[in-house]
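Colleague: Have a look; sequence and predicted model below, questions after that.
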Amino acid sequence: LSKLLGDFIVTARELGFSYIWIYSLCIIQDDPDNSVRESALMSSVYGCSSLNNAASGALDGSLGCFAERPSTWRCHI
């Protein structure tokens, strides 16, 4: 697993969660038909979750979730 996914797993464990659902491991990434089919089910996956974690600013999984950022970095919501 990448550092990013490892960080998510450690975070979930530290918060007391026994299970984690990782989109990139559960959805076939290069299959548009699978993506469309599974996307229709996302509300049932995420809608009942207790914790959602997204690495929306990551270029890839190599840096991890808790990578160093420049002091000028700001979170954009």
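Modeller: The structure has been received and is ready for your questions.
Colleague: So which residues of this protein form helices?
Modeller: 3-14, 23-26, 32-39, 42-46 (DSSP state H).
Colleague: Tell me which of the ones you listed sits nearest to residue 62.
Modeller: helix 3-14 (5.9 Å; CB to CB). Placement of C-beta: from N, CA and C, glycine included.
Colleague: So which residues make contact with the closest one?
Modeller: Helix 3-14 is contacted from outside by 1, 19-20, 22, 24-25, 51, 53, 55, 58, 60-66, using CB atoms under 8 Å, 6 or more residues apart in numbering.
Colleague: try 10 Å this time
Modeller: Identification of contacts with helix 3-14 by CB atoms under 10 Å, 6 or more residues apart in numbering yields 1-2, 17-22, 24-25, 50-51, 53-55, 58, 60-67.
Colleague: Can you tell me which of those residues are buried?
Modeller: Neighbour-count burial (16 or more other CB atoms under 10 Å) applied to these gives 55, 61, 63-65.
Colleague: looking at the helices of the chain, which is buried most?
Modeller: Compared across the helices of the chain, helix 3-14 shows the largest average neighbour count, a mean of 15 (mean count of other CB atoms under 10 Å).
Colleague: Average pLDDT for that helix, rounded please.
Modeller: The average pLDDT for helix 3-14 rounds to 91.
Colleague: distance between stretch 3-23 and the chain's centre?
Modeller: Computed by CA atoms, centre = their mean, to the nearest Å, the chain-centroid distance of stretch 3-23 equals 9 Å.
Colleague: Straight-line length of it, end to end?
Modeller: 16 Å (CA to CA, to the nearest Å).
Colleague: quick revisit: of the helices of the chain, which is nearest residue 73?
Modeller: Taking CB to CB, helix 3-14 is the member of those nearest to residue 73, at 17.1 Å.
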